[in-house]
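Peer 1: with the input below, show me the fold.
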Amino acid sequence: MFKVYSPTTCPAIVYFLYKFGTVAVFLRLYQLGVVFILYKVPRGTSDILPEDQPYFTYIEQNAARYCQLYGYQPIETPVFENADLFKRSAGEETDIVGKEMYIFTDKGGSDLALRPEGTAPVLRAYIEHGMLNLPQPVKLYYFSSLFRYERPQAGRFRQHHQFGAEAIGDNDPALDAELIDMIWNFITSLGIDKISLFINSIGCAECRPDYLEKLRQYYSSKTNNMCSDCKARIINNPLRLLDCKKESCIPLVAQAPKSSQYLCRKCSDHYDLLKKYLGLLTIPYTENSALVRGLDYYTKTVFEIQPQEEKGAQTAIAGGGRYDGLVEVLGGKPTAGIGFGSGMERIVLNLKKQGIAIPAPAKPKIFVVYLGDAAKEKALSITSDLRKNGISAVQSLGNRSIKAQLKQADKAQTAYAIIIGEDELKSNSVILRDMSQGSQQSLSINDIVVILKDMYTRKMVREIAD
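Peer 2: Next up, the predicted model:
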């Protein structure tokens with residue numbers, strides 16, 4: 001049992017040994033079961049190890065399939081953008097801009113920011129590449145790494161991965177319902193069925209100012225019971241007052257004015273139609289007057305999908321809304337749009353919590369075993385030919401015994417082992433061993449690839465037929 005020491009647990013000891021220790025000292029400590037780790041991943045980041053990779057592959061494959069079903073096309077934007085892009089889109093007073101963005105100045109003197117959210121870069125690409133001239137709406141989806149300097153929490157890191165989609169160029173509430181339908185069906189297709197959809201309308205530039213003033217009036221008389229952040233939000237970002245998770249502020253939300261009471265006719269009609277369409281799509285929803293999302297660019301529809309046993313912004317699996325004025329803010333023509341983002345780590349967390357089994361990664365089908373240098377050369381050639389013919393194969397390495405190599409093949413859970421020794425080279429043959437049955441047969445070395453390819457082709461045909 002090894003005891004691991006890292007720079008964070010005992011920095012002085014690690015540094016001293018690193019600076020003054022000899023190789024002999026480190027080797028002796030290793031023999032005693034002590035391991036020193038000099039470097040760890042930065043706080044708020046994580047390694048996605050091989051055992052978790054199948055989760056991300058499973059999510060991405062299903063997400064791409066649903067996006068294609070709904071007519072969305074993939075897009076990829078740079079990891080960093082001009083910092084002003086996010087300041088203009090998200091809003092100067094939002095937490096993302098004020099507290100969370102990673103901003104740096106490059107060697108050319110430009111202020112750049114690691115991408116903290118996915119919508120603004122996609123809309124920048126929409127404007128820059130003249131997508132306004134394409135048939136509208138333009139439907140795009142992406143898988144992106146996002147970066148925010150915030151307190152790490154369950155399923156959310158300072159670098160996390162997001163699946164998102166944007167539908168740009170149409171203000172029909174049917175598009176809102178369709179987008180929600182897509183993300184709802186995608187999540188449930190993964191096996192996550194204990195979820196709830198929350199919706200709200202936060203109005204538009206025409207009706208929201210009156211609502212914001214009502215919020216200011218309500219909260220101005222309650223500053224003694226508010227956190228310091230919310231005291232500043234009364235002036236700068238009153239919508240976010242409804243989203244505060246501090247214990248002192250939560251009770252104030254229940255009696256706060258509701259945005260639905262101040263909607264203009266257009267926003268009210270839009271919201272009513274959205275609810276009607278969600279009913280037609282048989283998607284259950286709950287209206288939540290405190291749901292506002294965290295970015296200034298949202299208008300009208302906002303929504304979140306959360307696990308039923310947990311509630312709050314820190315548990316949402318997916319969320320999004322309309323941003324009908326954002327393209328114009330970024331320098332384009334007035335253009336409607338709606339989108340969502342879904343944290344992939346958060347989805348993985350829910351898959352594990354609900355004990356949902358995902359498809360296991362494919363195991364190598366063939367393990368090539370050899371004895372002697374001449375057999376090793378022939379094994380290398382056969383392994384290459386198998387791969388060229390679409391059959392996954394692994395070749396043993398080193399100079400271990402046949403028994404040790406077969407043990408390794410068994411641990412790798414390969415279906416068959418090809419064995420080549422001196423006798424097989426002389427007779428121009430190989431031994432094909434069925435690892436599950438323990439049976440084996442001798443086959444021509446010239447025919448083995450063809451035989452195995454035919455065997456697996458027939459097996460795939462049977463699986464498709466079944």
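Peer 1: spit out the contact partners of Gly438.
Peer 2: Listed by C-beta atoms under 8 Å, 6 or more residues apart in numbering, the contact set of Gly438 is empty. Where you see a C-beta, it was placed from the backbone N, CA and C, and this is true even at glycine.
Peer 1: how far off centre is the helix or strand hosting Ala404?
Peer 2: Secondary structure assignment for Ala404, by DSSP states H and E: helix 402-411. Centroid separation between helix 402-411 and its chain, computed with C-alpha atoms, centre = their mean, to the nearest Å, is 37 Å.
Peer 1: what's the burial count for Leu330?
Peer 2: Other residues near Leu330 number 19, with proximity taken as other C-beta atoms under 10 Å.
Peer 1: can you count the residues close to Ile356?
Peer 2: A count of neighbours around Ile356, defined by other C-beta under 10 Å, yields 14.
Peer 1: now it. Nearest residue, chain neighbours left out?
Peer 2: Nearest in space to Ile356, with sequence neighbours left out and distances taken as C-beta to C-beta, 6 or more residues apart in numbering, is Gly191 at 4.0 Å.
Peer 1: give the buried residues for stretch 200-216.
Peer 2: For stretch 200-216, a neighbour-count test (16 or more other C-beta atoms under 10 Å) marks 200-204, 207-208, 211-212, 214-215 as buried.
Peer 1: let me fix that, I meant to ask about stretch 329-340.
Peer 2: Residues 330, 332, 335-340 are the ones in stretch 329-340 that count as buried (16+ other C-beta under 10 Å).
Peer 1: and it, end to end?
Peer 2: Using C-alpha to C-alpha, to the nearest Å, the end-to-end distance of stretch 329-340 comes to 19 Å.
Peer 1: how far does it sit from its chain's centre?
Peer 2: Using C-alpha atoms, centre = their mean, the distance from the centre of stretch 329-340 to the centre of the chain it belongs to is 24 Å.
Peer 1: give me the contacts around that stretch.
Peer 2: 85, 88-89, 118-120, 122-124, 126-127, 132, 137, 164-171, 175-176, 179-180, 183, 297, 301, 303, 318-328.
Peer 1: from those residues, which would you call buried?
Peer 2: Among those, those classed as buried by 16+ other C-beta under 10 Å are 85, 88-89, 118-120, 122-124, 126-127, 137, 164-171, 175-176, 179-180, 183, 297, 301, 303, 318-327.
Peer 1: among these, which ones are in helices?
Peer 2: Using DSSP state H, the members of the buried ones among the contacts of stretch 329-340 that fall in helices are 85, 88-89, 119-120, 122-124, 126-127, 175-176, 179-180, 183, 326-327.
Peer 1: okay, now the unreliable bits of the protein?
Peer 2: Scanning the chain for pLDDT under 70 picks out the ranges 1-38, 91-96, 98, 154-155, 310-314, 459-466.
Peer 1: at 50 what do you get?
Peer 2: Judged against pLDDT under 50, the low-scoring parts of the chain cover residues 1-2, 5, 7-9, 15, 313, 461, 464, 466.
Peer 1: would you point out which residue is most central in it?
Peer 2: Averaging the C-alpha coordinates of the chain gives a centre point, and the residue nearest to it by C-alpha atoms, centre = their mean is Met344 (2.7 Å).
Peer 1: could you find the closest non-adjacent residue to that residue?
Peer 2: His161 (4.3 Å).
Peer 1: before we move on, what about Lys194?
Peer 2: For Lys194, the nearest residue in space outside its immediate sequence neighbours is Gln308; the separation is 4.6 Å by C-beta to C-beta, 6+ apart.
Peer 1: from Lys333, how far off is that neighbour?
Peer 2: Gln308 is 41 Å from Lys333, where distance means C-beta to C-beta, to the nearest Å.
Peer 1: over to Thr301?
Peer 2: Counting by C-beta to C-beta, the gap between Thr301 and Lys333 amounts to 21 Å.
Peer 1: need the residues that contact stretch 180-187.
Peer 2: Everything outside stretch 180-187 that qualifies as a contact, by C-beta under 8 Å, 6+ apart, is 62-63, 66-67, 69-70, 72, 165, 195, 197, 199, 278, 281, 283, 303, 305, 317-318, 320, 340, 342, 347.
Peer 1: right, I mislabeled it, should have said stretch 197-209
Peer 2: Among residues not part of stretch 197-209, those counted as contacts by C-beta under 8 Å, 6+ apart are 180, 184, 211, 239, 259-260, 262-264, 266-268, 270-271, 274-275, 278, 283-293, 298-306, 321, 324-325.
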